[in-house]
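> sharing a sequence plus its predicted fold:
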Amino acid sequence: MVKFFIDTNVLIYANDRRVPWKQEKAVQLISQLMKSGEGALSTQVLQEYANVALDKLGQKEEVVLRQIHLLERMEVVRQSSSMIRRAVEIKKTYQINFWDACIVSNAEFARCDVIYSEHLNTGQFYFGIRIENPFYTREE
């Protein structure tokens, strides 16, 4: 079974009506991964999502709490000190920012094959984990 890690930006687009086609794509992707049991995310992703949803998207607390409850149906990786140390190694090896390195570390811990992210480079591999931008189109 292939496992997919969801980065924060996918969750944000699923809740952001300003770009309807990205919202639709994000909702479809998350729904598919929840149904198939192939999705994973981390406490870091949930924290970042909650912060943006409350502060930038202006969502009500009840909505954010409901979304987090639904997302907990997927595998949720809880950040540990060993994963933070691994993120420091990943940051050094790939010269990416620390928070993106944490995402890679979390995905590695969850034994994911793919990270869905708009921030990391599509097609790039980080220790065998492929990056895919679910919003990439040839026109970009």
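Now that the structure is in, tell me what you want to look at.

> going forward, measure contacts between C-alpha atoms and count neighbours the same way
Will do.

> for burial, what's the neighbour tally of Met1?
Each residue near Met1 was counted by other Cα atoms under 10 Å, and the total is 8.

> burial measure for the closest residue to it other than its chain neighbours, as a count.
Leaving aside its sequence neighbours, Met1 sits nearest to Glu38 (Cα to Cα, 6 or more residues apart in numbering; 7.5 Å). For Glu38, the tally of surrounding residues (other Cα under 10 Å) stands at 17.

> next: the one 10 residues further on.
Other residues near Glu48 number 16, with proximity taken as other Cα under 10 Å.

> so how far is Asp113 from it?
Here the criterion is Cα to Cα, to the nearest Å. By it, Glu48 lies 22 Å from Asp113.

> same check, this time on Gln28
Taking Cα to Cα as the measure, Gln28 and Asp113 are separated by 19 Å.

> tell me which of those two has more neighbours.
Asp113 (18 against 13).

> the closest residue to that one other than its chain neighbours and Phe109: what is the separation?
Ranked by Cα to Cα, 6+ apart and with sequence neighbours excluded, the top spatial neighbour of Asp113 is Ile129, at 5.0 Å. In this structure, Ile129 and Phe109 are separated by 11 Å, where distance is defined by Cα to Cα.

> between these two, which one's more packed in?
It is Ile129, of Ile129 and Phe109, that has more neighbours when counted by other Cα under 10 Å, with 19 against 15.
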